[in-house]
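Asker: Predicted coordinates and the sequence they were generated for:
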Amino acid sequence: MSSQPSPTFSSNYSPEQGTKDLSPLLKANGGKWVLTESGKGVERSFKFKTFKKTWEFMNIVAAECAVKKHHPEWSNVYNTTFIRWTTHSPPGLSEKDVLMARFCDEKAGECGELEVEEGKEGDMGSGLADRVAAEGADCCVPKKKSG
């Protein structure tokens, strides 16, 4: 049996506050999120009745991402969306990650998220998210101004 990772918070998020904010979101405490293997992020899948409802949820999350200037690693297949929140610079879980995970839970409920049987969720989308994150890993690092 493998041990659960411990959260690794970004340098601008105190571990005490981060632990307090994150705790109710984690599966171990009755939430729906799990820590990534590194402990530097949280992830989960969301399932809806139709593609249209799934897309509605993704649009709501995307709009909030623009407001918060923070985006997830995510993927979608038909009625399921996989979302991972992590921060690349400074690396680790940030307050924005936790706030956005909570926002996703709230909006998923409003969009009619379906309950998924324990063990049936799998890692839908995490492979794609892993690949894209590796290829675009500098997405959160401020761009250097040329000239």
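Answerer: Perfect, thanks for sending it.

Asker: Going by C-alpha atoms from here, please, whenever you check contacts or count neighbours.
Answerer: Will do.

Asker: separation between S45 and V116?
Answerer: Distance, S45 to V116, by C-alpha to C-alpha, to the nearest Å: 9 Å.

Asker: So between those two, which is more surrounded?
Answerer: Using other C-alpha atoms under 10 Å, the more surrounded residue of S45 and V116 is S45, with 21 against 12.

Asker: quick one: contacts of the lengthiest helix in the chain?
Answerer: Ranked by residue count and defined by DSSP state H, the top helix of the chain is helix 51-68. The set of residues external to helix 51-68 that reach it, using C-alpha atoms under 8 Å, 6 or more residues apart in numbering, is 47-48, 71, 78-81, 96, 103-104, 107-108, 111-112.

Asker: tell me the pLDDT at the closest residue to N79 other than its chain neighbours?
Answerer: In this structure, N79 finds its nearest non-sequential neighbour in F51, 4.6 Å apart by C-alpha to C-alpha, 6 or more residues apart in numbering. F51 carries a pLDDT value of 95.

Asker: Compute the number of surrounding residues for F51.
Answerer: When neighbours are counted by other C-alpha under 10 Å, F51 registers 16.

Asker: Okay, it and V98: tell me how far apart.
Answerer: F51 is 26 Å from V98, by C-alpha to C-alpha.

Asker: for this protein, longest strand please?
Answerer: Secondary structure of the chain per DSSP state E: the longest strand is strand 80-88.

Asker: what does the next helix or strand along the chain from it contact?
Answerer: Scanning forward in sequence from strand 80-88 by DSSP states H and E, the next helix or strand is strand 91-92. Residues outside strand 91-92 that contact it (C-alpha under 8 Å, 6+ apart) are T8, F9, S10, S11, G39, K40, G41, T86.
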